[in-house]
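J.: Quick one: sequence and predicted model below, then my questions.
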Amino acid sequence: MDSYPVILREVVESAEFEAARDSLGNVERLDEVLRAVYWAVSKNPEAYEVVPGLADVRLLKTDPLGGLPGFRIWFRLLGPAGPVELLLIEAFTPQE
(Lines give C-alpha, C1' and ligand atoms only; values in the text may rest on other atoms or scores of the structure.)
Protein backbone atom coordinates (compact mmCIF):
# COMPACT_ATOMS: atom_id res chain seq x y z
CA MET A 1 0.00 0.00 0.00
CA ASP A 2 1.37 3.41 -0.98
CA SER A 3 1.68 6.08 1.65
CA TYR A 4 0.98 9.69 0.74
CA PRO A 5 2.08 12.70 2.75
CA VAL A 6 -0.57 14.71 4.53
CA ILE A 7 -0.57 18.22 3.13
CA LEU A 8 -1.57 20.80 5.69
CA ARG A 9 -2.64 24.34 4.93
CA GLU A 10 -1.29 27.26 6.89
CA VAL A 11 -3.80 28.69 9.40
CA VAL A 12 -3.89 32.42 10.14
CA GLU A 13 -6.02 34.37 12.60
CA SER A 14 -7.75 37.58 11.51
CA ALA A 15 -7.69 40.56 13.86
CA GLU A 16 -11.41 39.97 14.48
CA PHE A 17 -10.75 36.35 15.47
CA GLU A 18 -8.00 37.41 17.89
CA ALA A 19 -10.30 40.02 19.47
CA ALA A 20 -13.15 37.50 19.79
CA ARG A 21 -10.79 34.89 21.29
CA ASP A 22 -9.46 37.42 23.78
CA SER A 23 -13.01 38.47 24.73
CA LEU A 24 -13.76 34.88 25.80
CA GLY A 25 -11.57 35.49 28.83
CA ASN A 26 -9.68 32.73 30.59
CA VAL A 27 -11.42 29.62 29.22
CA GLU A 28 -9.84 26.51 30.68
CA ARG A 29 -8.21 24.32 27.99
CA LEU A 30 -9.02 26.75 25.16
CA ASP A 31 -5.50 26.23 23.80
CA GLU A 32 -6.21 22.49 23.46
CA VAL A 33 -9.45 23.18 21.61
CA LEU A 34 -7.71 25.60 19.26
CA ARG A 35 -4.91 23.13 18.53
CA ALA A 36 -7.53 20.60 17.45
CA VAL A 37 -9.32 23.24 15.36
CA TYR A 38 -6.05 24.26 13.67
CA TRP A 39 -5.30 20.64 12.82
CA ALA A 40 -8.81 19.95 11.49
CA VAL A 41 -9.06 23.01 9.25
CA SER A 42 -5.48 22.73 8.03
CA LYS A 43 -5.95 19.08 7.08
CA ASN A 44 -9.36 19.20 5.40
CA PRO A 45 -11.10 22.59 5.43
CA GLU A 46 -13.46 21.56 2.63
CA ALA A 47 -15.09 19.07 5.02
CA TYR A 48 -16.97 21.95 6.66
CA GLU A 49 -20.08 23.38 5.06
CA VAL A 50 -20.27 26.85 3.59
CA VAL A 51 -22.52 29.14 5.64
CA PRO A 52 -25.70 29.89 3.64
CA GLY A 53 -25.57 33.43 2.31
CA LEU A 54 -21.80 33.71 2.86
CA ALA A 55 -20.29 32.17 -0.25
CA ASP A 56 -16.74 31.76 1.04
CA VAL A 57 -17.26 31.35 4.81
CA ARG A 58 -17.36 27.93 6.46
CA LEU A 59 -18.34 26.94 10.01
CA LEU A 60 -16.74 24.44 12.36
CA LYS A 61 -18.54 23.57 15.62
CA THR A 62 -16.96 21.81 18.58
CA ASP A 63 -19.03 19.82 21.04
CA PRO A 64 -19.26 20.88 24.68
CA LEU A 65 -17.09 18.43 26.60
CA GLY A 66 -15.88 17.98 30.16
CA GLY A 67 -17.19 21.29 31.44
CA LEU A 68 -16.05 23.22 28.36
CA PRO A 69 -18.58 25.09 26.25
CA GLY A 70 -18.90 24.32 22.58
CA PHE A 71 -17.34 26.70 20.12
CA ARG A 72 -18.39 27.98 16.72
CA ILE A 73 -15.48 28.97 14.50
CA TRP A 74 -16.03 30.74 11.20
CA PHE A 75 -13.25 30.58 8.62
CA ARG A 76 -12.52 30.93 4.93
CA LEU A 77 -10.05 29.55 2.43
CA LEU A 78 -7.70 32.06 0.87
CA GLY A 79 -7.36 30.47 -2.55
CA PRO A 80 -7.48 26.88 -3.80
CA ALA A 81 -4.25 25.91 -2.02
CA GLY A 82 -3.80 28.98 0.15
CA PRO A 83 -4.07 29.39 3.89
CA VAL A 84 -7.15 29.06 6.05
CA GLU A 85 -8.16 32.33 7.72
CA LEU A 86 -9.97 32.06 11.05
CA LEU A 87 -12.56 34.85 11.16
CA LEU A 88 -14.52 34.57 14.40
CA ILE A 89 -14.91 32.34 17.47
CA GLU A 90 -17.92 32.15 19.77
CA ALA A 91 -18.63 29.97 22.80
CA PHE A 92 -22.09 28.39 23.12
CA THR A 93 -24.01 26.09 25.40
CA PRO A 94 -26.15 23.19 24.10
CA GLN A 95 -29.39 25.16 24.62
CA GLU A 96 -28.34 27.75 22.01
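T.: Received it, and whenever you're ready, just let me know what you need. Numbers count the residues shown, from 1 in each chain.
J.: And the worst-scoring helix or strand of the chain on mean pLDDT, what does it pack against?
T.: In the chain, no helix or strand scores lower on mean pLDDT, DSSP states H and E than helix 30-43, which sits at a mean of 92. The helices and strands touching helix 30-43, judged by 3 or more C-beta pairs under 8 Å, 6 or more residues apart in numbering; DSSP states H and E, are strand 11-13, strand 57-61, strand 70-77, strand 84-92. For the C-beta atoms, the positions are set from N, CA and C on the backbone; glycine is no exception.
J.: Can you give me the pLDDT of Arg29?
T.: We have a pLDDT of 85 for Arg29.
J.: same question, Gly53
T.: Gly53 carries a pLDDT value of 94.
J.: Same question for the one 10 residues further on.
T.: Here the pLDDT value assigned to Asp63 is 90.
J.: can you pull the contacts of it?
T.: Going by C-beta atoms under 8 Å, 6 or more residues apart in numbering, Asp63 touches Gly70.
J.: again, but for the one 4 residues further on
T.: Contact analysis of Gly67 by C-beta under 8 Å, 6+ apart lists Glu28.
J.: repeat for Leu77
T.: By C-beta under 8 Å, 6+ apart, the neighbours of Leu77 are 9, 45-46, 56, 58, 83-85.
J.: how close does it sit to Glu16?
T.: The gap separating Leu77 from Glu16 is 17 Å, by C-beta to C-beta, to the nearest Å.
J.: What of Trp39?
T.: Trp39 is 22 Å from Glu16, where distance means C-beta to C-beta.
J.: shaky segments in this protein?
T.: Low-confidence segments of the chain (pLDDT under 70): 1-6, 95-96.
J.: go again using 90 as the cut-off
T.: 1-8, 25-33, 55, 64-68, 79-82, 93-96 (pLDDT under 90).
J.: Can you say which of the helices and strands packed on helix 30-43 is nearest to Arg21?
T.: Nearest of the helices and strands packed on helix 30-43 to Arg21, taken as C-beta to C-beta: strand 84-92 at 5.3 Å.
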